[in-house]
Every structure is written in C-alpha cells, then in structure tokens.
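**Student:** Fold the following and give me the result.
(2 chains)
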Amino acid sequence: GQQVMQIPQYQHVQEGEDFTTYCNSSTTLSNIQWYKQRPGGHPVFLIQLVKSGEVKKQKRLTFQFGEAKKNSSLHITATQTTDVGTYFCAGYLTDSWGKLQFGAGTQVVVTP
Amino acid sequence: DSGVTQTPKHLITATGQRVTLRCSPRSGDLSVYWYQQSLDQGLQFLIQYYNGEERAKGNILERFSAQQFPDLHSELNLSSLELGDSALYFCASSPKIGGYNEQFFGPGTRLTVL
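**Tutor:** Numbering: from 1, shown residues only, chains lettered A, B, ... in the order given. Prediction:
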C-alpha cells in the first residue's frame, strides 16, 4: 500500500492566505523531495531535505523535515495564483534506492 | 523545458494492442525512471535504468517491459493493453544513481486505451 501519505488531498485557498500541506511516511525516509506539477504539466523539482529537522526556505515556501525523518511539510505564505498546481512529496525508503515513493499530492486551487 | 524528451505526446489505441513509448534523458544523465500517473493512483514508480542496466523495479506489470539503449535513450513497452492502462506515462532522468539527485521529468505520453 501507499507508504507516503499526503494531506490534504485538495486545498482551496483565497489569494493572500497561507496554507500548509503535510507528508507522512510509515517508515523512516533517507531524504524527502518536493515537486510541483502545474495543470497539464509535468512534475518539477522544488527542493530536497536530507537532515533530521532540516528547514529550507524558497521565497514564500518553507519546507521542513521532521526530527524522526518520517514526516515533512510545505508551508506557503501569501498564496498567489501562480501557486496553483499539485504539490507532491516523494521520499526514498532507507533500503530502497531508486524507488522514489510519491505521495498522492495536494491539489491547490487559488481563488483571486 | 527539463531537457527530457518523450514521444509520442499522445497515443490512442485499442485493448489487446502493444505500444512503445520513447524517452531521451537530459544530456549526460545516466539514470532513467518511468512513472505511471493515473487519476486514482497518483504517481507510481515503474522501473529505473542506470547506464543500460535495470536497477530498481516498482509496481510494473508483467505485460510491461523497458530497456535502456547504449545511447541512453529508453523505451517502455506496454502489451496486451487493457482499459485500466490508460494514464500519463512520465520518464525522468538524473545524473547518477541513488536518492540524492533531483529527477527531471519529461512532458509525458498520454495513453488512451479504447
């Protein structure tokens, strides 16, 4: 079954608001990657987190990797219409190099 | 543009048929990955090749096979197609093997099985 879970599945956000999407794994991850897929497009790499408790920022996006390396979050502040798309987290289980496990994604819709 | 190319862009075929999807990785990338994306299953890892050799296998059906050629392009062969095989198939590439490399995705091939 799916080992990397993402919530929520859908997120409707008013422009200017903040939101967070969460990623949880049933097992420890070696690292976690986040991708964004625009409607009709392909997944595009955003960032990678490797260390326990790591926090990285990209402008309005803040990414965190949990202390136990089993969860991660993406927080977007002051949402813009350009943030529309599906955000996927993906992780490698510690014994499965090559098998990147994707979460089901959070589909973000932004209302102007 | 990620530098990964996939052909064809769209493919419409009938049940029972066989199709071949083609992927050219970014220049210099040795690893190629294949994914299936359907509405109810999300992005599912199918298989990975590194420099011509199979390195990791995911939930790939026995009716599906892949290979990576000496020039590093890869092909995914889908046979005895069923309605449920309709999906977007993505190819991705990365420079090396292993989990510390971002993957660059191609534009995908949309397969419709009628």
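
**Student:** Show me which parts of stretch A:105-112 are buried, residue by residue.
**Tutor:** Buried residues in stretch A:105-112, counted by 16 or more other Cβ atoms under 10 Å in any protein chain shown: A:G105, A:T106, A:Q107, A:V108, A:V110. Glycine gets a C-beta too; all of them are placed from N, C-alpha and C.

**Student:** Can you say which of the residues you listed are also within reach of chain B?
**Tutor:** A:G105 (Cβ under 8 Å from any Cβ of the partner chain).

**Student:** got the buried residues of stretch A:105-112 as TSV, with secondary structure columns?
**Tutor:** Shown next, in TSV, are those (DSSP: H, G, I helix; E, B strand; the rest coil):
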residue	secondary structure
A:G105	coil
A:T106	strand
A:Q107	strand
A:V108	strand
A:V110	strand
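
**Student:** Can you pick out the most distant pair from the buried residues of stretch A:105-112?
**Tutor:** A:G105 and A:V110 (15.8 Å; Cβ to Cβ).

**Student:** What distance do you get for the most centrally placed residue in chain B to chain A?
**Tutor:** A centroid search over chain B (Cα atoms, centre = their mean) returns B:W34, at 3.1 Å, as the residue closest to the centre. Relative to chain A, B:W34 is positioned 12 Å away (criterion: Cβ to the nearest Cβ, to the nearest Å).

**Student:** Surely that residue is in contact with B:A66?
**Tutor:** Yes: the criterion here is Cβ atoms under 8 Å, and B:W34 meets it with B:A66 at 5.9 Å.

**Student:** Which residues are in contact with each of the two?
**Tutor:** Counting by Cβ atoms under 8 Å, 6 or more residues apart in numbering or on different chains, the shared contacts of B:W34 and B:A66 are B:L46, B:I47, B:I60, B:S74, B:L76.

**Student:** For chain B, which residue gets nearest to chain A?
**Tutor:** Per Cβ to the nearest Cβ, B:A56 is where chain B lies closest to chain A, at 2.9 Å.
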